[in-house]
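> quick one: sequence and predicted model below, then my questions.
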2 protein chains.
Amino acid sequence: MARYEHIAGELRDAIVRGDYRIGAQLPTEAELASRFNAARGTVRQAVAVLVAEGLVGTRQGARRIVLGSERSQSFAELHSFAQWARSVGHRAGGLVLDSHRRPSTPSEAVRLAITPGEEVLSVLRLRRLDGEPVLVERTVYAGWIAPAVEKLDPACESVTQELYEAVGLVFAYGEHLIDAVAAGAEDARLLGVRRGSPLLRQRRTTTSQEGRPAECSDDRYRAGSVTFSIRNSTTANSLVRRAGD
Amino acid sequence: MARYEHIAGELRDAIVRGDYRIGAQLPTEAELASRFNAARGTVRQAVAVLVAEGLVGTRQGARRIVLGSERSQSFAELHSFAQWARSVGHRAGGLVLDSHRRPSTPSEAVRLAITPGEEVLSVLRLRRLDGEPVLVERTVYAGWIAPAVEKLDPACESVTQELYEAVGLVFAYGEHLIDAVAAGAEDARLLGVRRGSPLLRQRRTTTSQEGRPAECSDDRYRAGSVTFSIRNSTTANSLVRRAGD
DNA sequence: TGGTCTCGCTTGTTTGTACAAGTTGCTCTA
DNA sequence: TAGAGCAACTTGTACAAACAAGCGAGACCA
């Protein structure tokens, strides 16, 4: 592990453990540098990690302060329903209800950076959390990974993990659009809610390490089952609000 | 403006303008350094900004690639409805429907880091976008800024901006919880939708520069009016999904 | 008492250097 | 031809040094 990652980890542990209460000041860079026997630049790199996580606030001239004490989650936990469920101590289940190849629609072609009409794999999955159905996933996979996806067990728990183990595919970048929609007939039937009841929708496009779009998906969560949380600051944020389309 | 900010701006403009298409490679650090006549460290800092914005992906050993071409928005635009509306070319309106002081509830006291029962200011606002009502805002302000808030014009467009100009208050850090809820009777009446129809809810807590919580709010958007968008990667993300509470 | 000013402290920016580690394409070999 | 392996290239980590800029507290003055 890199030096700065180690220092960041120590500081994060201290904050999560409560050694520094919310609002308290962190030691100065100079003090941290001597404590960890590292250069000031390395310490700055470590602290930058915590700032990006939203745990620490920083202002030129003033000592850094602690803003929160909750460990934030990794990209993998955000992207993979199963890995997220495991990390928060729940059990994830899943079942493929439909899977077929078809030509891509124009909007899918744009999102997957392929030519319109090129064949894609369309999959409908129902996901459960501790046995309760909470999520309907309508995913479209680009043609080049379709064979690997089709080989997966229909009741496969973590698609992300299986794809990594099978063909070494790593999902590295993602874009997520979050809004609220009314449950359609199929949504309502699968999730066991009334038609028109509120669902939290997450439309995402995921890209491989090399920048090649691999899948795009329309995920609908039963209201109350899942909440997205973002921490941001004047110096670091990655959230955007957009006009409805 | 700092050197690295200038370089980041130039690169961002080039990407947004389309000089580098999505999936294309960015110049190497060495080339950028000589082009901008800066040290490699400075260039790295500039590129780090774009990586944090989700515009650029980076992997050790490989050239950096362009992931997106949409300018992401600032903290101010995220936090302030009016500033966001202006930046996307719409007109924001607002009206205070109710404003009164009352003792804080235990959960509010926790979120605002005050003692339970301490007086807070509770405000109900209806926000319009281009004349259409799209957002019901139920905000609770900590006692120490209540006087400044009460002095504001009820039809004030940007509360954030007015508070800055009046008392120099800067909102610097925020936490946001996003989920979907059904419209209550009051929500439905104000937004002109049916009871039980889906709303996108954003619960936020905002903190001043010094780390002092200033307000917490329950904002409900009419479905279809607003979408949140997050870009993330294995190396940088600030989004968290949480189990429903 | 109240405001201002200055000084020390702390974080932000920039440059330079050196080495580590991962990627990519080419070459060589079996 | 397929695979191993090398070599050049590119990004990541770490250190050191110097100056800029903002903050906060105490000193000082009216």
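Structure received. Residues are numbered from 1 along each chain as shown, chains lettered A, B, ... in the order given.
> tell me which residue is most central in chain A.
Closest to where the C-alpha atoms of chain A average out (Cα atoms, centre = their mean) is A:L78, at 2.1 Å.
> which helix or strand contains that residue?
Under the criterion DSSP states H and E, the helix or strand holding A:L78 is helix A:75-79.
> what is the subsequent helix or strand relative to that helix?
helix A:81-87.
> quick one: contacts of that next one?
Helix A:81-87 is contacted by residues A:73, A:76-78, A:91-92, A:94, A:127, A:129, A:135, A:137, A:157-161, B:241 when judged by Cβ atoms under 8 Å, 6 or more residues apart in numbering or on different chains. Any C-beta I mention is one placed from the backbone N, CA and C, and that applies to glycine too.
> and stretch A:53-71, by the same measure?
By Cβ under 8 Å, 6+ apart, the list of residues contacting stretch A:53-71 from outside reads A:12, A:15-16, A:18, A:20-26, A:28, A:47, A:50-51, A:72, A:231-233, A:235-236, B:172-173, B:175, B:207, B:209-211, B:238.
> got it, and stretch A:31-38?
A:3-4, A:7, A:10-11, A:26-27, A:39-40, A:42-43, A:46-47.
> what subset of those residues is also close to DNA strand D?
Filtering those for neighbours of DNA strand D using Cβ under 7 Å from any atom of the strand leaves A:3-4, A:39-40, A:42.
> can you verify A:S107 is assigned to a helix?
Yes. Read with DSSP: H, G, I helix; E, B strand; the rest coil, A:S107 is one of the residues of a helix.
> chain center to stretch A:204-219: distance?
Remark: stretch A:204-219 is offset 12 Å from the chain centroid, using Cα atoms, centre = their mean, to the nearest Å.
> and for stretch A:129-136?
So, by Cα atoms, centre = their mean, the centroid of stretch A:129-136 is 18 Å from its chain's centroid.
> who's in contact with it?
Contacts to stretch A:129-136, defined as Cβ under 8 Å, 6+ apart, come from residues A:81, A:85, A:90-93, A:124-128, A:186-187, A:190-192, A:219-222, A:225-226, B:243.
> quick one: buried ones out of the contacts of helix A:81-87?
Among the contacts of helix A:81-87, those buried by neighbour count (16 or more other Cβ atoms under 10 Å in any protein chain shown) are A:73, A:76-78, A:92, A:94, A:127, A:129, A:135, A:137, A:157-160, B:241.
> so which of those are in helices?
Mapping the buried ones among the contacts of helix A:81-87 onto helices (DSSP state H) picks out A:76-78, A:159-160.
> and of the residues you listed, the nearest to DNA strand C?
A:A76 (16.7 Å; Cβ to the nearest atom of the strand).
> nearest residue to the closest one in space, please, no chain neighbours.
Distances taken as Cβ to Cβ, 6 or more residues apart in numbering or on different chains put A:Q83 closest to A:A76, at 5.1 Å, once the chain neighbours are dropped.
> neighbours of that neighbour, how many?
By the measure other Cβ atoms under 10 Å in any protein chain shown, the count of residues near A:Q83 is 19.
> for A:R125, same thing?
Per other Cβ under 10 Å, the neighbour tally for A:R125 reads 22.
> list the residues that contact it.
A:R125 makes contact with A:94-97, A:136-137, A:139 under the criterion Cβ under 8 Å, 6+ apart.
> give me the buried subset of those.
Members of those classed as buried by 16+ other Cβ under 10 Å are A:94, A:96, A:136-137, A:139.
> filter these down to the ones in strands?
Residues of these located in strands (DSSP state E): A:94, A:96, A:136-137, A:139.
> my read is that A:P154 contacts A:G93, right?
No. Using Cβ atoms under 8 Å, A:P154 makes no contact with A:G93, being 11.7 Å away.
> residue ranges with poor pLDDT in chain A?
For chain A, the stretches flagged by pLDDT under 70 are A:74, A:236-245.
> can you name the farthest residue from the center of it?
A:S34 (36.0 Å).
> just give the nearest non-adjacent residue to A:S158, would you?
Nearest to A:S158 is A:A82, by Cβ to Cβ, 6+ apart, at 3.5 Å.
> residues near that neighbour, how many?
Using other Cβ under 10 Å, A:A82 has 22 other residues around it.
> on that earlier part again, just the closest of the buried ones among the contacts of A:R125 to A:E165, please.
Nearest to A:E165 among those is A:G94, at 16.3 Å by Cβ to Cβ.
> chain neighbours aside, what residue packs nearest to the closest one?
Leaving aside its chain neighbours, A:G94 sits nearest to A:R127 (4.9 Å; criterion: Cβ to Cβ, 6+ apart).
> with adjacent residues omitted, what lies nearest to A:L177?
Nearest to A:L177 is A:R203, by Cβ to Cβ, 6+ apart, at 4.4 Å.
> A:T28 too?
A:R63 (6.6 Å).
> shouldn't the one you found be within a helix?
No. The assignment for A:R63, made by three-state DSSP, is strand rather than a helix.
> list, one by one, the residues from chain A near DNA strand D.
So chain A meets DNA strand D at A:2-5, A:37-42, A:45, A:59-62 (Cβ under 7 Å from any atom of the strand).
> of these, keep whichever come out buried.
A:4, A:38, A:42, A:45.
> show me where chain A has its helices.
Secondary structure of chain A by DSSP H: the helices cover A:3-17, A:29-36, A:40-52, A:75-79, A:81-87, A:106-112, A:146-150, A:159-167, A:185-191.
> let me have those helices in CSV, extended by distance to DNA strand C.
Listed next are the helices of chain A as CSV, based on distance: least, Cβ to the nearest atom of the strand, whole Å:
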stretch, distance to DNA strand C
helix A:3-17, 11
helix A:29-36, 4
helix A:40-52, 6
helix A:75-79, 16
helix A:81-87, 21
helix A:106-112, 20
helix A:146-150, 19
helix A:159-167, 14
helix A:185-191, 39
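> now render those helices as a markdown table, adding distance to B:L112.
Below are the helices of chain A laid out as a markdown table (distance: least, Cβ to Cβ, whole Å):
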| stretch | distance to B:L112 |
| --- | --- |
| helix A:3-17 | 20 |
| helix A:29-36 | 30 |
| helix A:40-52 | 23 |
| helix A:75-79 | 28 |
| helix A:81-87 | 29 |
| helix A:106-112 | 41 |
| helix A:146-150 | 47 |
| helix A:159-167 | 38 |
| helix A:185-191 | 35 |
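> the ones you listed: which one's closest to B:V120?
helix A:3-17 (27.4 Å).
> show me what the closest one is packed against.
Helices and strands touching helix A:3-17, by 3 or more Cβ pairs under 8 Å, 6 or more residues apart in numbering or on different chains; DSSP states H and E, are helix A:29-36, helix A:40-52.
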